[in-house]
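Asker: Here is a sequence with its predicted model. Questions after.
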Amino acid sequence: MNNIDQHVPEAGPATFISLREVGRRLGIPPSTIVYYKDRFSRFIPSAGGPGRRRRYPSESLELFRRIREMFENNWSVEQIERELAACRGEVLDAGAPEAGDAAGEGSARIAALLTKMSDVLENQTLFRGEIRSLRDEVASLRRERDEAEARQRERVAELEREIGRLRLLVGARERTALDFPPSDYLGLPLVIRTGQGEFLGVLGRNSRAFGLNDFVALLERHTARGEAVDMRWRREGSSGWSLEVAAGGEADESRRIALSTVRTVTPNGNEVVRVLRLSINGQDAPDSLLLSLFRQIRESFEG
């Protein structure tokens, strides 16, 4: 058998504590510690008055711990008493236990069972607390996930809207860049209409009418000479086109030309492209200037 005095806490031989403090330090339920005290009082030293005023030396902690250990190992009350007596140098009668001893042994087994049940219930309480804590943590993580997904959906929707706007913008630019008059429109004679209703055009040396394609060729000739020329076409109505030209080398010599035209049939049944408006740097050119311009075009065209 183990010596019950070998694990006594270093609390000092003159230190006395209450029975409740004994149970608290050893983790034994109060009802069980009271049973140990009542059943094995002859082996447990104490001092002080009766009831709650009674105190126990700190050395008795190891004695109570040993009693609990023996009950947990399914020792009978008689065996425990023999062990405690042997530790004190006493000899108990080894004969058949009396009725009181049998009842005490049953009570001891019940106390041990209650102790185990108390431990199980305490463990269940801790386990349930852990479960509640885990549930709260999972709920918090789910909320954070839902909030993150909501922010992500909002961000994706914003990006989709931005992509839609960019597509519209790019589409508009592509339509503007790819919008170009058909070749038959560019090849028709380019004419002006005077105040008397006459349609005047320009003919070259080979009696070929000057058209929009020739006008574009003149602009490209300027580009070949080192002058920057930017041309943009835009459809106007069902039968007209406008041309915007930004040309010039130096900043003070730059100019912007806007030419508005429409497909027209003359009284003689000839299909032509009529100049509706010509503006230079935002100023509309008068008819007299248009006639002069056409003469200059003739000279350039013939040259």
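Answerer: Arrived safely, thanks for sending. Residues are numbered from 1 along each chain as shown.

Asker: And the strands in the stretch 101-250 of the chain?
Answerer: Applying DSSP state E, counting those that start in this stretch to the stretch 101-250 of the chain gives strands spanning 190-193, 199-200, 228-236, 240-248.

Asker: Excluding chain neighbours, what is closest to Arg25?
Answerer: What sits nearest to Arg25 in space, not counting adjacent residues and going by CB to CB, 6 or more residues apart in numbering, is Leu61, at 6.1 Å. Heads up, the C-betas are built off the backbone N, CA and C, glycines and all.

Asker: cool, and Val202?
Answerer: Phe210 (3.8 Å).

Asker: Can you lay out the strands of the stretch 101-250 of the chain as a markdown table showing mean pLDDT, mean neighbour count and distance to Ala86?
Answerer: Compiled in a markdown table, those are given as follows (pLDDT from 0 to 100; neighbours: other CB atoms under 10 Å; distance: least, CB to CB, whole Å):
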| stretch | mean pLDDT | mean neighbour count | distance to Ala86 |
| --- | --- | --- | --- |
| strand 190-193 | 87 | 20 | 133 |
| strand 199-200 | 81 | 14 | 140 |
| strand 228-236 | 81 | 14 | 115 |
| strand 240-248 | 83 | 17 | 118 |
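
Asker: Out of those, which is closest to Glu72?
Answerer: Closest of the strands of the stretch 101-250 of the chain to Glu72 is strand 228-236, at 97.8 Å (criterion: CB to CB).

Asker: Direction included, what does the closest one pair up with?
Answerer: strand 240-248 (antiparallel) (DSSP bridges).

Asker: returning to that earlier point: can you give me the pLDDT of the residue nearest to Arg25?
Answerer: Looking at Leu61, its pLDDT is 90.

Asker: cool, and Met70?
Answerer: With respect to pLDDT, Met70 has a value of 93.

Asker: Assumed it was part of a helix.
Answerer: Yes: checked against DSSP: H, G, I helix; E, B strand; the rest coil, Met70 lies within a helix.

Asker: and Val191, how far is that from Leu114?
Answerer: Counting by CB to CB, to the nearest Å, the gap from Val191 to Leu114 is 118 Å.

Asker: actually Arg145, not the one I wrote
Answerer: 46 Å.

Asker: excluding its backbone neighbours, what's nearest Phe43?
Answerer: Excluding the flanking residues, the one nearest Phe43 by CB to CB, 6+ apart is Leu84, at 4.2 Å.

Asker: burial of the residue nearest to Val202, as a residue count?
Answerer: Phe210: 21 surrounding residues under other CB atoms under 10 Å.
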